[in-house]
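K.L.:
My questions concern the predicted model and sequence given below.
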Amino acid sequence: MATIYDARSDPARHTVYLRLSGLLREDDMRAFFERYRVLTDAFEGKKHFILADLRGMAPASPEAARLMGEAIGYGRAHGVACCAHVSDAAVARLQSLRLAREATVGDDVTIDAASIAEAERILDEARHRLYPTTRRTG
């Protein structure tokens with residue numbers, strides 16, 4: 001199982017796109033968190049959105065999960081208004097949802113999506129509410 005972690009930003013759409021797949025070790029999660037922090041900081045605390053593609057992600061070790069929880073908390077504290085997340089593995093999905101709840105008590109920004117297309121629609125709606133002049137996709 002290949003390990004994939006990537007993060008990119010689309011400032012015009014106020015969105016950070018995350019991709020995590022495979023078994024992420026502590027050092028992978030640490031490197032991912034640093035990249036995520038840079039992209040998040042570029043929004044300077046302004047409201048923005050996350051599309052987290054977790055398809056193929058294995059449950060994280062306790063230490064990697066702790067770092068993932070810190071990344072989620074960091075994003076929430078620095079402007080994440082909505083996080084649409086896609087996962088195809090029940091245990092990894094439940095773990096990431098638990099980490100989001102722990103990072104933000106009463107987490108009301110994480111929305112589970114069944115597909116990338118659905119996640120994009122969820123974010124388009126949230127984007128339009130906060131930034132009505134932002135162009136919608138599809």
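P.N.:
All right, it came through fine. Numbers count the residues shown, from 1 in each chain.

K.L.:
Which of the residues in the helix or strand of the chain with the lowest mean pLDDT are classified as buried?
P.N.:
Using mean pLDDT, DSSP states H and E, the weakest-scoring helix or strand in the chain turns out to be helix 90-103, at a mean of 81. The neighbour-count check on helix 90-103 (16 or more other Cβ atoms under 10 Å) flags 92-93, 95-96, 99-100, 103 as buried. The way it works is simple: take the backbone N, C-alpha and C, and place the C-beta from them, glycine included.

K.L.:
all helices of the protein, in order?
P.N.:
With helices called from DSSP state H, the chain shows them at 26-41, 62-77, 90-103, 116-130.

K.L.:
would you list the ones you listed in a markdown table and tack on distance to residue 51?
P.N.:
Formatted as a markdown table, the helices of the chain follow (distance: least, Cβ to Cβ, whole Å):
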| stretch | distance to residue 51 |
| --- | --- |
| helix 26-41 | 12 |
| helix 62-77 | 12 |
| helix 90-103 | 13 |
| helix 116-130 | 5 |
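
K.L.:
weakest of those helices by average pLDDT?
P.N.:
The stretch with the lowest mean pLDDT among the helices of the chain is helix 90-103, at a mean of 81.

K.L.:
for it, the distance to its chain's centre please.
P.N.:
The chain centre lies 11 Å from the centre of helix 90-103; the measure is Cα atoms, centre = their mean, to the nearest Å.

K.L.:
Check stretch 75-85 too.
P.N.:
On Cα atoms, centre = their mean, the centre of stretch 75-85 falls 7 Å from the chain's centre.

K.L.:
Contacts for it, please.
P.N.:
Contact with stretch 75-85 is made by 16, 36, 40-41, 43, 45-54, 72, 93, 96, 100, 103-104, 107, 109-113, 118-120, 122-123, 126, 130, as judged by Cβ atoms under 8 Å, 6 or more residues apart in numbering.

K.L.:
middle-most residue in the protein, spatially?
P.N.:
The centre of the chain sits closest to residue 52, judged by Cα atoms, centre = their mean, with a distance of 3.8 Å.

K.L.:
So it sits against residue 21, correct?
P.N.:
No. Residue 52 is not in contact with residue 21 according to Cβ atoms under 8 Å; the separation is 11.3 Å.
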